[in-house]
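**Q** mind looking at a prediction? Sequence and model below.
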Amino acid sequence: MLKEERHAYILHQVNLHNKVLSSHLSEQIQVSEDTIRRDLAELAQEGKIIKVHGGALSNSFHQGITSQDVYAVNDKKNIALKAVELIHDGMFVLTTGGTTIAELARVLPRDLQATFITVSLPAAFEYANHPNIEVIVIGDKLSKGSKITVGGEAISKIKMIKADLCFLGNNAIDVEDGLTDNDWDVVQVKRAMISTAKKVVVLTISEKMNTSEQLKICDVDEIDILITELPPDAKKLQPYKKKGIQIL
């Protein structure tokens, strides 16, 4: 793969997943990690990504979730409009963070009266703009890479909650490999959320489907509802439907 092709591939992966690891890119592209580090340094110098220890972060996600450069923003808005139909007055709703969760926060009906509990600071700010919902932020150590609170205290508090719904942003999902991520702390938080919610809802653009990261969160049969921008009868969604997941 030529350097220009590598750069294009890396940019796509960063925009798709918000965060990438040098080691994972090295395996995918089949070049040395030294080559990947040089590529990331060049892309960062050009202002296209944010280089961090061990990998890179997306500019659009880390310049603020209100950025108009969010990847696949129209698809994420469509997902949010489907997801909001599940939320009713009086519910306790637990959410992670991410750009799709932010879109969900923006389309909540103004007359909705519910309680939203989140580990995400950007999501909390979005919920705070709503006139009638209560917002609970679970505090602990802040992960700069994901902009959510992580750690033992956060997990302990999550496990005390019996949420009606849990909305999970997604990094990668596959029928066989399940829900996966590349951040250990984020994985622990999501596992805790899944264990305590009555219904688990995964929000994902279809491009992240049939992909995998290194760290497993759960099997797909632990997911109750999967929401994408695709119509429910889309061919790509049928293997997930066969696993007993409701598709929206």
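**A** Happy to help now that I have it.
**Q** so how many other residues sit close to Ser156?
**A** The criterion is other Cβ atoms under 10 Å. On that basis, Ser156 has 12 neighbouring residues. Yep, even glycine has a C-beta here, placed from its N, CA and C like the rest.
**Q** host element of it?
**A** Applying DSSP states H and E as the criterion places Ser156 in helix 152-158.
**Q** list the buried ones in that helix?
**A** For helix 152-158, a neighbour-count test (16 or more other Cβ atoms under 10 Å) marks 154-155, 157-158 as buried.
**Q** so who does the residue nearest to Thr96 when sequence neighbours are not counted touch?
**A** With Cβ to Cβ, 6 or more residues apart in numbering as the measure, Gly169 is the residue that lies nearest to Thr96, at 4.9 Å, once sequence neighbours are left out. Gly169 makes contact with 96-101, 203-204 under the criterion Cβ atoms under 8 Å, 6 or more residues apart in numbering.
**Q** for Phe116, same thing?
**A** Under the criterion of Cβ under 8 Å, 6+ apart, the contact list for Phe116 reads 93, 95, 105, 123, 127, 133-136.
**Q** next one: the most centrally placed residue in the chain from His53, what distance?
**A** By Cα atoms, centre = their mean, the chain has its centre lying nearest to Gly169, at 2.9 Å. Using Cβ to Cβ, to the nearest Å, Gly169 is found at 23 Å from His53.
**Q** same thing with Pro109?
**A** For Pro109, the distance to His53 - Cβ to Cβ - is 42 Å.
**Q** cool, and His12?
**A** Taking Cβ to Cβ as the measure, His12 and His53 are separated by 22 Å.
**Q** same drill for those two, tell me which one is more crowded.
**A** His12 (13 against 5).
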